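In: got a predicted structure here, sequence first:
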Amino acid sequence: MNYLTHQLLNPKEINLLKKNLFLKDLPWEDGKKTAGNHAAKVKDNLQLDRSSNISKKYTELIEKKILNDVLIKSFTVPKRIHGTMFTKSLQGMKYGRHIDNAFMSTGRADLSFTIFLNEKDKYAGGELLIEGLNSENKFKLDSGGIVIYPSTYLHSVQEVISGERIVVIGWIESYVKSIEEREYLFDLDAGARTLLARHGRSDELDLIFKSYSNLLRTLGD
């Protein structure tokens, strides 16, 4: 399982973000400002000034939600969330095929995430396209939905045909670098939690949790 989709934000949080981020006269700036040399050539969007009070305030909300989500924590084994920003794509804007930088000033990029803020039927186009080894996956989620995927994958944002696309993006540095090793841990944790919910505690389940913890201790950095 190389990517995760999940409803991160509840209706109250979605309405709060919309009320404040869909206002006019916010400090949106050219997205090329934070792009690497290669990505800047194919990047055409706007991003909210990360030094602004409104960006700082709601970045904190987003990062707390991610770190407190049990499923996301199990999938990503997060060490830190970094580089979080709000971006907007107007009609005709897109972000061409690119790869995220491995290391940023804020941390290592093991996983990338996109949180969709406006309803998907309010704009045409704007799908997130993620390229796997032998596949392509397109994502356009409901408001408040998050998709998390390895930063090692080529990806792009399709051209917005009409309306505007507003999302939150960012990166996660994991305690476990390897995609495969994170998947092993995720499956083991999910299986153990399911057994606990169905049958309660047992000596055998204690051994599984012990193995999970010791495997994480071995694989983590």
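Out: Received it, and whenever you're ready, just let me know what you need.

In: CA atoms of the lowest-mean-pLDDT helix or strand in the chain as PDB?
Out: The helix or strand of the chain with the poorest confidence is helix 37-40; it has a mean of 72 (mean pLDDT, DSSP states H and E). Extracted in PDB, the C-alpha atoms of helix 37-40 (Å, rounded to 0.1, in the frame of the first residue of the first chain):
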ATOM      1  CA  ASN A  37      15.300  24.800 -10.300                       C
ATOM      2  CA  HIS A  38      13.700  22.000 -12.200                       C
ATOM      3  CA  ALA A  39      10.200  22.200 -10.700                       C
ATOM      4  CA  ALA A  40      10.100  26.000 -11.200                       C
END
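
In: who are the packing partners of that helix?
Out: Counting contacts by 3 or more Cβ pairs under 8 Å, 6 or more residues apart in numbering; DSSP states H and E, helix 37-40 packs against strand 94-98. Glycine gets a C-beta too; all of them are placed from N, C-alpha and C.

In: secondary structure class for the spatially most central residue of the chain?
Out: Taking Cα atoms, centre = their mean as the criterion, residue 113 is the residue nearest the geometric centre of the chain, at 1.5 Å. Using DSSP: H, G, I helix; E, B strand; the rest coil, the secondary structure recorded for residue 113 is strand.

In: pLDDT below threshold where in the protein?
Out: 1, 36 (pLDDT under 70).

In: what comes up buried for the longest strand belonging to the chain?
Out: Secondary structure of the chain per DSSP state E: the longest strand is strand 78-89. Judged by neighbour count (16 or more other Cβ atoms under 10 Å), strand 78-89 contains these buried residues: 78, 79, 81, 82, 83, 84, 85, 86, 87, 88, 89.

In: was I right to think the fourth one contacts residue 101?
Out: No: Residue 82 is beyond contact range of residue 101, at 11.7 Å (criterion: Cβ atoms under 8 Å).

In: contacts only, for residue 205.
Out: Neighbouring residues of residue 205 by Cβ atoms under 8 Å, 6 or more residues apart in numbering: 192, 195, 196, 199.

In: so how far is residue 128 from the third one?
Out: To residue 128, residue 196 is 34 Å away according to Cβ to Cβ, to the nearest Å.

In: so the two - more neighbours on which side?
Out: In this comparison of residue 196 against residue 128, neighbours counted by other Cβ atoms under 10 Å, the higher total goes to residue 128 at 22 against 14.

In: just checking, what packs against the longest strand of the chain?
Out: Contacting strand 78-89 under the criterion 3+ Cβ pairs under 8 Å, 6+ apart are the following elements: strand 46-48, helix 53-67, strand 107-108, strand 165-174.

In: make CSV from those and add distance to residue 29 and mean neighbour count to it.
Out: Below are the helices and strands packed on strand 78-89 laid out as CSV (distance: least, Cβ to Cβ, whole Å; neighbours: other Cβ atoms under 10 Å):
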stretch, distance to residue 29, mean neighbour count
strand 46-48, 6, 20
helix 53-67, 11, 16
strand 107-108, 22, 16
strand 165-174, 15, 23
